[in-house]
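In: here is a sequence with its predicted model. Questions after.
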Amino acid sequence: MKVVFHDPTFSLQLLRTIDKTCYKAADIGECLSTAYRIREGDFESWHIEWLKTAKRVHKYAEDCLARGHKVSAREAYLRASNYYRVAEFLLIEPEDPRVQTTWSNSKECFGKAARLFSPSFEPIEIPYEGTTLPGYFYRTNDHNSVRGARTSRPTIIVHGGFDSTLEELYASAAAPALDRGYNCLTFEGPGQGGVIRKQKIPFRYDWEKVVTPVMDYALSR
């Protein structure tokens, strides 16, 4: 199915962005109005227009937070994080400095949104071969009314694929898990997100070497 674009890559990535609407990490009107400004098949136009939208929504989030409108701020930060991710996605040259700045803005916005949830989403660092892997631990808002202690819950462990980011996993996995009474641990491994962009650690074929320390970390919690 093609949406707005005939170019299959552009159409797919637009759909990928819109599908975050269910958990407030996208707005259909914002996505479509951005898409209609983009020149078909033009990667530079894609970056410019999504960046404009991301910056506008980011500013709206900051303004809402300054006025104490925490729900509006939280939702706008989620959308801005997603739109920055999309703006960075088709910057094909890895050494383009905009890769780092746009990706960093996406992470920053998500981090601000994470702190406005109750309970807040916990950023974590998972020990891995002399370094760490970034992640988030999402806990259900479920407390024992007598003792004030959290009830034990099953935990889902989630990672994405080749071009996913840690923050994108919120809308696709963590939010629906929380709705269904599960805790959720998300992470980025070698070749993904910040692990490749900042730590420069590439993919590896023996992914069990990645999942095992993540499982060990989850069990330690």
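Out: Cool, the structure landed. Numbering: from 1, shown residues only.
In: state the pLDDT value of residue 142.
Out: As predicted, residue 142 sits at a pLDDT of 69.
In: same question, residue 150
Out: 63.
In: mind listing the helices for this structure?
Out: Assigned by DSSP state H, the chain shows helices spanning 8-18, 28-35, 43-66, 70-89, 97-114, 169, 175-179, 193-197, 208-220.
In: deepest-packed of those helices, please.
Out: Neighbour counts (mean count of other C-beta atoms under 10 Å) averaged over each of those peak at helix 70-89, with a mean of 24. (Glycine included, C-beta is placed from N, CA and C.)
In: now for that one, which elements pack on it?
Out: Judged by 3 or more C-beta pairs under 8 Å, 6 or more residues apart in numbering; DSSP states H and E, the packing partners of helix 70-89 are helix 8-18, helix 28-35, helix 43-66, helix 97-114.
In: so what secondary structure elements neighbour the lowest-mean-pLDDT helix or strand in the chain?
Out: Of all helical and strand segments in the chain, the minimum by mean pLDDT, DSSP states H and E falls on helix 193-197, at a mean of 93. Using 3+ C-beta pairs under 8 Å, 6+ apart as the contact test, the elements touching helix 193-197 are helix 97-114, strand 131-138.
In: what does it rub up against?
Out: 99-100, 103, 107, 133-134, 164-166, 188-190, 201-203 (C-beta atoms under 8 Å, 6 or more residues apart in numbering).
In: any idea how far that helix is from the chain center?
Out: Relative to its parent chain, helix 193-197 has a centroid offset of 13 Å by C-alpha atoms, centre = their mean, to the nearest Å.
In: same question, stretch 211-221
Out: 21 Å.
In: leaving out chain neighbours, which residue sits closest to the residue nearest the centre of the chain?
Out: The centre of the chain sits closest to residue 167, judged by C-alpha atoms, centre = their mean, with a distance of 1.7 Å. Leaving aside its sequence neighbours, residue 167 sits nearest to residue 110 (C-beta to C-beta, 6 or more residues apart in numbering; 3.9 Å).
In: contacting residues around the one you found?
Out: 77, 78, 81, 167, 170.
In: need these in JSON lines (columns: pLDDT).
Out: Listed next are the contacts of residue 110 as JSON lines, based on pLDDT from 0 to 100:
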{"residue": "77", "pLDDT": "98"}
{"residue": "78", "pLDDT": "98"}
{"residue": "81", "pLDDT": "98"}
{"residue": "167", "pLDDT": "97"}
{"residue": "170", "pLDDT": "98"}
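In: which of those residues sits closest to residue 32?
Out: The nearest member of the contacts of residue 110 to residue 32, counting by C-beta to C-beta, is residue 78 at 18.0 Å.
In: who are the contact partners of the closest one?
Out: Contacts of residue 78 (C-beta under 8 Å, 6+ apart): 20, 23, 24, 25, 109, 110, 113, 170, 171.
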